[in-house]
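In: Fold the following for me, if possible:
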Amino acid sequence: MILRRLYLLVPNLGQAEASARDLMAYQVNRQHIHAIARPGVDLGSLPVATLRQRNDFVAKLERWVWDINLGTFFVALVVLAASLWSAQWSWAIGATLVAVANVYLGYRFAQHVPHTHVEDCQTPLRHGEILLLVDVPRWRITEVEQRLRASHPEVEIGGVGWGWDAIGI
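Out: Now for the predicted structure:
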């Protein structure tokens, strides 16, 4: 299942552990909480993020999808130009449909996919803060954010991204 990922910046280990306990009390599964800190920092009892999560595989995957979309669009434009020049109307129609589909999919991707990533949080991590990645269904984002803000005002909500349990990202 594709979940929305909350990026929570917490000042220290004690507050991060308390936040994680409260998140579990809010019915967030422990397997959906992942902690990242700068190298050498002990994360105590916090669930450590996987290598894919620490290396920001989501950002790389988004770039690949975006690049494939753009590449397909430009190939469709070349095919469209060649088919118009050679009067191959069926190819022209097909290439036009592919180009329009790529524009639409690119728009949907740019407007509706949350784009916060681990790389956006590198400065606070270098300063010793702990990043909690919390995966929740889309309809629970507001509830979890509000409850966490009420009980832990020191936690900075750094944004929303997405994660996918099935492939461990």
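In: now the longest helix anywhere in the chain, how far from the chain's geometric center?
Out: The longest helix of the chain (DSSP state H) is helix 57-85. If you compare the mean C-alpha spot of helix 57-85 with that of the full chain, they lie 22 Å apart, counting by C-alpha atoms, centre = their mean, to the nearest Å.
In: what is the rounded mean pLDDT of that helix?
Out: Mean per-residue pLDDT for helix 57-85: 88.
In: moving C-terminal of that helix, what's the next helix or strand?
Out: Counting by DSSP states H and E, the element after helix 57-85 in chain order, helix or strand, is helix 89-112.
In: Pull the distance from the helix or strand following that next one to the chain's centre.
Out: Towards the C-terminus, the helix or strand next in line after helix 89-112, according to DSSP H and E, is helix 122-126. From the chain centre to the centre of helix 122-126 is a distance of 18 Å (C-alpha atoms, centre = their mean).
In: Could you tell me the angle between the longest helix of the chain and helix 89-112?
Out: Counting by axes from the mean of the first three to the mean of the last three C-alpha atoms, to 10 degrees, helix 57-85 lies at 150 degrees to helix 89-112.
In: Next, the buried residues of helix 57-85.
Out: Applying a neighbour-count criterion of 16 or more other C-beta atoms under 10 Å, one finds 57-59, 62, 69, 72-73, 76, 79-80, 83 buried in helix 57-85. All C-beta atoms are positioned from the backbone trio N, CA, C, and that covers glycine.
In: Same question for stretch 97-117.
Out: Along stretch 97-117, these residues count as buried under the neighbour rule (16+ other C-beta under 10 Å): 98-99, 102, 106, 114, 116-117.
In: Rank those by pLDDT and give me only the lowest.
Out: P114 (66).
In: averaged over its residues, what pLDDT does stretch 141-151 have?
Out: Stretch 141-151 shows a mean pLDDT of 90.
In: out of the buried residues of helix 57-85, who's nearest D135?
Out: V58 (11.2 Å; C-beta to C-beta).
In: Break the protein down into its domains, please.
Out: Following automatic domain parsing, one finds the domains of the chain at 2-56+117-167, 58-112.
In: tell me the most buried of these?
Out: Neighbour counts (mean count of other C-beta atoms under 10 Å) averaged over each of these peak at domain 2-56+117-167, with a mean of 16.
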